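Chemist: Pasting the sequence and the predicted model now:
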Number of protein chains: 2
Amino acid sequence: MAAAERMVVIGGDAVGMSAASRARRLKKPEELEIVAFERGRFASFSACGIPYWVGGQVGARDDLIARTPEEHRARGIDLRMRTEVTELDVAGRRVRVVERDGDGGEGGGGDGRWVGYDHLVLATGARPVRPPLPGIDAEGVHGVQTLDDGEALIATLEGAEARPGAGAAARSYGDGRRRAVVVGAGYIGVEMAEAFVNRGYHVTVVDKGEQPMSTLDPDMGELVYEAMCSMGIETVRGATVTEILTDERGRARGVATRDAEYPADVVVLGLGVRPETELARAAGLPLGESGGLLTDLAMRVRGQENIWAGGDCAEVLNLVSGRTQHVPLGTHANKHGQVIGSNIGGDYATFPGVVGTAVSKVCDLEIARTGLLERQAAAVGLRFESVVIESTTRAGYYPGTKPMRVKMIAERRSGRLLGVQIVGRENAGKRVDIAAVALHTGLTVEQLTALDLGYAPPFSPVWDPVLVAARKASSVLRT
Amino acid sequence: MAAAERMVVIGGDAVGMSAASRARRLKKPEELEIVAFERGRFASFSACGIPYWVGGQVGARDDLIARTPEEHRARGIDLRMRTEVTELDVAGRRVRVVERDGDGGEGGGGDGRWVGYDHLVLATGARPVRPPLPGIDAEGVHGVQTLDDGEALIATLEGAEARPGAGAAARSYGDGRRRAVVVGAGYIGVEMAEAFVNRGYHVTVVDKGEQPMSTLDPDMGELVYEAMCSMGIETVRGATVTEILTDERGRARGVATRDAEYPADVVVLGLGVRPETELARAAGLPLGESGGLLTDLAMRVRGQENIWAGGDCAEVLNLVSGRTQHVPLGTHANKHGQVIGSNIGGDYATFPGVVGTAVSKVCDLEIARTGLLERQAAAVGLRFESVVIESTTRAGYYPGTKPMRVKMIAERRSGRLLGVQIVGRENAGKRVDIAAVALHTGLTVEQLTALDLGYAPPFSPVWDPVLVAARKASSVLRT
């Protein structure tokens, strides 16, 4: 018996499978057939965990898989792996599907076949930035976007580690360590730097920015720079990679900038990602400046009754700036999936937007931000004051207390909190959540000073560092 | 030259000295003379740090002193130690002052002398509950409210530890450990239990409640009970202490309940505190149900133009229940001091109220709460739903991830968040701040589900545990 309606999902990762799972809980199979197409070999995996797998803290690839294709199928979701959607016919409410190998079951081959839908979920994710440099496709140059990427990188590392040849030794500093070059010093870049440190490599991070972590203001990024250098990570700023150097066997042996060469046993690209929206673009669906799909608050593609999008292929509203932007983070993707699945399933949910929160770490240095940077605030016409304070993660006298710095940006006149950046050691980063909730609700820095936060000597100074920053910001705004 | 006005502060700890310091920054000495009277030997110390000093994590008493009397005096605050205020004459705008020894300088003795004021700050703190039990005043029975208490307790411990006599050995379990009994299983009780564990003692905690931590609902308190037992802390519930047992030398040798006796080398009382407001009561100032002073939002005692109160001797408004209550926490006291000092100094500040946040730990078990418990919500007429969820502090696959349980209470119909309780291991507790900010701003649990919180595998699961609880609460409210 055919189901009354069919939901088609393009992309079997966080958004797609969350949406499918949520809809499945709300609608019986006879009410709603759910088909999901994933062009890769894995579904529902944690891309964010790949640096920790490479670094050895996570033991096995399968630890990063939240649910296998078989588990999805057992729950009534017809998930087709290695199956690509090559065309979207909006008027005809159908997608063209091509199977890449025998995994997908019925049909397929050649130009594929058309599959009709009543509800379509675009969960096509993002693709890593890969500049057209000489040598970019050489053996030993890796992205870290998919589990396949992770496996390939680990294979390269294990190969290099098993190879005692003169080439590798010559590339070492004479201390016997292998060498890794990471191109880009954003989240992926710093996390991969940590992974290589944990693996015992000499690490060089090459970045074109004034400071690492362009998601921070430069003054806070400089703290990251200093900390990375003190960890022994060679951190090169203001340097654009012009070429991937290769050896006689075509294997990457380093990267070149205009001014220098950095030898390497392995090169990792951490240059960020762009929305993967070629299907949507070809179908004439609305895209934002980043190329991400534009949706309404229910995650319906703008102007479409029955097409939904979320996660890394969509833009989201930044509640502080009032602009849409591309924020590729797994935590948003999961929320989008829930919202889409609820709405397709006949329930109701919305995703109001983000405030720009992110947290990361390099070894024991924690880096967090929420809201707007100075340049982002200026770009939307806001006038503001910034303050920076030093504090500690626990009471000053409590053992294990660590230094942390908080930058706070507040709007002039209104006093509204606009953003917070944190750089500090263990237990510093998650404090950004205090500011994140405050940004969701439009608190002023004066209101922040009165927040009733958890205090005990092992957890915080008597004035939480975020409140210390709020006091200073409030004081500056009054003068 | 006399100053134009005089500010008199009664109590030289967090509220009093914060108020004095803040006013001093705002007003010159010729505009405002500031005199502070402290009956003890220490000012500006962290009482919250005493358990960690006793436990050995904090090395020295002076680490707990934020600022010495000399430092206060050097900043233009006339702080008189060992000086007690024995009477308050509101109509005459004066207080009677008695010096307890030679430390205070001029005047004094006998019935004391009157000191006039233009602004009076009541910062008299709290006194520990000390039930009139037989043996309560025996040697070896200690409170942990002041640095003097801490010194006396440590002297007792060091004395007992130096005494290899048969008495102590007989009181041990035969494993050579000394024995401590802590009466009361609230914050002080559990923190002192940890202190004794760290000192190598066998610890018994005796509490009259159904579960330890009556600041949690019983179902969450039971988790604390189980964890304490598994740490080897003998935890006795539903037991009221009837007597402190003493030996032939008058030294405490244990405590008795109706059903049992618990031998001890040392007994610590952790039965909570009551507002110290005898002066205020005698002067006819308004007190709440707890005996704490009632103030307006600027921390002015109700009905008084020029008398201010804050910290452990005052009640505060609970923004969730709409009722005033006694919340003796250093973090509030510091904020009150800032507000009072700002207002006396001619600036303007308010303390809107608390939401009932607290965090503590016993060894590696973290315990946190904010908002209302079930019984507190019921007591103010609220109808609610409660949910409990299990989650982890980091991504499930990330090393060092720890279990945590979150209970969330939400108002029926409105969906407004009413309270959160957390019991978990390392890095669980401070997540309560997310809920605390949400309570300040009246978010619903549905709104909570969309919060943009910091996510990366070392910091959180992709759905933060607080959001998991919010999703469940939101779902329950819809059914």
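Modeler: That came through fine.

Chemist: near chain B at all, stretch A:46-53?
Modeler: Yes: Stretch A:46-53 reaches chain B (C-beta under 8 Å from any C-beta of the partner chain) through A:46, A:48, A:49, A:52. C-beta here means a position set from N, CA and C on the backbone, and glycine is covered the same way.

Chemist: got it, and stretch A:229-239?
Modeler: No: counting by C-beta under 8 Å from any C-beta, chain B has no neighbours in stretch A:229-239; the shortest distance is 15.9 Å.

Chemist: Near residue A:228, how many other residues are there?
Modeler: 24 (other C-beta atoms under 10 Å in any protein chain shown).

Chemist: Could you report the neighbour count for the residue nearest to residue A:324 when sequence neighbours are not counted?
Modeler: Of all residues not flanking residue A:324 in the chain, residue A:315 sits nearest, at 4.1 Å (C-beta to C-beta, 6 or more residues apart in numbering or on different chains). Close neighbours of residue A:315, defined as other C-beta under 10 Å, add up to 23.

Chemist: Most neighbours out of the residues of stretch A:46-53 next to chain B, which is it?
Modeler: Counting neighbours by other C-beta under 10 Å, residue A:49 leads the residues of stretch A:46-53 next to chain B with 27 neighbours.

Chemist: OK, contacts around the residue nearest to residue A:324?
Modeler: When contacts are counted by C-beta atoms under 8 Å, 6 or more residues apart in numbering or on different chains, residue A:315 is found next to A:275, A:288, A:289, A:290, A:292, A:293, A:294, A:295, A:324, A:325, A:326.

Chemist: Select from those every entry located in helices.
Modeler: Using DSSP state H, no member of these falls in helices.

Chemist: What average pLDDT does stretch A:121-139 get?
Modeler: The predicted model assigns stretch A:121-139 a mean pLDDT of 96.

Chemist: and that stretch, how far from the chain's centre?
Modeler: The chain centre lies 15 Å from the centre of stretch A:121-139; the measure is C-alpha atoms, centre = their mean, to the nearest Å.

Chemist: Worst mean pLDDT across the helices and strands of chain A, which element?
Modeler: helix A:166-171 (a mean of 50; mean pLDDT, DSSP states H and E).

Chemist: before we move on, the earlier item: show only the entries of the residues of stretch A:46-53 next to chain B found in helices.
Modeler: Judged by DSSP H, helices contain the following of those: residue A:52.

Chemist: Same list (the residues of stretch A:46-53 next to chain B) but as TSV, adding distance to residue A:304.
Modeler: Converted to TSV, these look like this (distance: C-beta to C-beta, whole Å):
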residue	distance to residue A:304
A:46	30
A:48	30
A:49	33
A:52	38
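
Chemist: quick one: low-confidence parts of the stretch 51-200 of chain A?
Modeler: For the stretch 51-200 of chain A, applying pLDDT under 70 flags the ranges A:102-109, A:164-174.

Chemist: Nearest to chain B: which residue in it?
Modeler: residue A:63 (4.1 Å; C-beta to the nearest C-beta).

Chemist: wait, isn't that residue in contact with residue B:398?
Modeler: No: Residue A:63 is beyond contact range of residue B:398, at 9.2 Å (criterion: C-beta atoms under 8 Å).

Chemist: the more surrounded of those two?
Modeler: Shown here are residue A:63 and residue B:398; by other C-beta under 10 Å, residue B:398 has more neighbours (22 against 17).

Chemist: The nearest residue to the more buried one once chain neighbours are set aside sits in which helix or strand?
Modeler: Closest residue to residue B:398 apart from its sequence neighbours, by C-beta to C-beta, 6+ apart: residue B:457 at 4.6 Å. For residue B:457, there is no helix or strand it lies in under DSSP states H and E.

Chemist: Would you confirm that residue B:457 contacts residue B:395?
Modeler: Yes: between residue B:457 and residue B:395 there is a contact at 3.7 Å, judged by C-beta under 8 Å.

Chemist: shared neighbours of these two, anything?
Modeler: Applying C-beta under 8 Å, 6+ apart, one finds that residue B:457 and residue B:395 are jointly contacted by A:46, A:48, A:49.

Chemist: a markdown table for the residues you listed, including pLDDT and distance to residue A:441?
Modeler: Below are these laid out as a markdown table (pLDDT from 0 to 100; distance: C-beta to C-beta, whole Å):
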| residue | pLDDT | distance to residue A:441 |
| --- | --- | --- |
| A:46 | 93 | 30 |
| A:48 | 94 | 27 |
| A:49 | 96 | 31 |
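
Chemist: closest to residue B:349 among the residues you listed?
Modeler: Of all these, residue B:349 sits closest to residue A:48, with 42.0 Å by C-beta to C-beta.

Chemist: which residues touch the closest one?
Modeler: Contacts of residue A:48 (C-beta under 8 Å, 6+ apart): A:330, B:395, B:455, B:456, B:457, B:462.

Chemist: how about CSV for those residues, with distance to residue A:282 and neighbour count added?
Modeler: Putting the contacts of residue A:48 into CSV (distance: C-beta to C-beta, whole Å; neighbours: other C-beta atoms under 10 Å in any protein chain shown) gives the following:
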residue, distance to residue A:282, neighbour count
A:330, 27, 22
B:395, 36, 24
B:455, 32, 25
B:456, 34, 28
B:457, 35, 28
B:462, 31, 23
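
Chemist: which one among those residues gets closest to residue A:176?
Modeler: Using C-beta to C-beta, residue B:457 comes nearest to residue A:176 of the contacts of residue A:48, at 30.2 Å.

Chemist: For the closest one, list the residues it contacts.
Modeler: When contacts are counted by C-beta under 8 Å, 6+ apart, residue B:457 touches A:46, A:48, A:49, A:52, B:394, B:395, B:397, B:398.

Chemist: what's the distance between it and residue A:365?
Modeler: 16 Å (C-beta to C-beta, to the nearest Å).

Chemist: Check residue A:411 too.
Modeler: With distances taken as C-beta to C-beta, residue A:411 is found 29 Å from residue A:365.

Chemist: These two: which is more packed in?
Modeler: More crowded of residue A:411 and residue A:365, by other C-beta under 10 Å: residue A:365, with 23 against 19.

Chemist: Can you name the residues bridging to the more buried one?
Modeler: Here residue A:365 sits in beta bridges with residue A:362, going by DSSP bridges.

Chemist: before we move on, which element is the residue nearest to residue A:216 when sequence neighbours are not counted in?
Modeler: What sits nearest to residue A:216 in space, not counting adjacent residues and going by C-beta to C-beta, 6+ apart, is residue A:421, at 5.2 Å. In this structure, residue A:421 sits in strand A:417-424 according to DSSP H and E.

Chemist: now that strand, how far from the centre of its chain.
Modeler: Taking C-alpha atoms, centre = their mean, one finds the center of strand A:417-424 at 19 Å from the center of the full chain.

Chemist: strands paired with that strand, and their directions?
Modeler: strand A:365-371 (antiparallel), strand A:403-411 (antiparallel).

Chemist: which of those strands sits most buried?
Modeler: When you average the neighbours per residue for each of the strands paired with strand A:417-424 (mean count of other C-beta atoms under 10 Å in any protein chain shown), strand A:365-371 leads with a mean of 28.

Chemist: Next, count neighbours for residue A:303.
Modeler: 11.

Chemist: Export the strands paired with strand A:417-424 as a markdown table, with columns for mean pLDDT.
Modeler: Rendered in a markdown table, the data for the strands paired with strand A:417-424 read as follows (pLDDT from 0 to 100):
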| stretch | mean pLDDT |
| --- | --- |
| strand A:365-371 | 98 |
| strand A:403-411 | 98 |
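
Chemist: now for the ones you listed, which one comes closest to residue B:320?
Modeler: Residue B:320 lies closest to strand A:365-371 among the strands paired with strand A:417-424, at 24.7 Å (C-beta to C-beta).

Chemist: Surely residue A:56 and residue A:197 touch.
Modeler: No: using C-beta under 8 Å as the test, residue A:56 is too far from residue A:197 to be in contact (10.7 Å).
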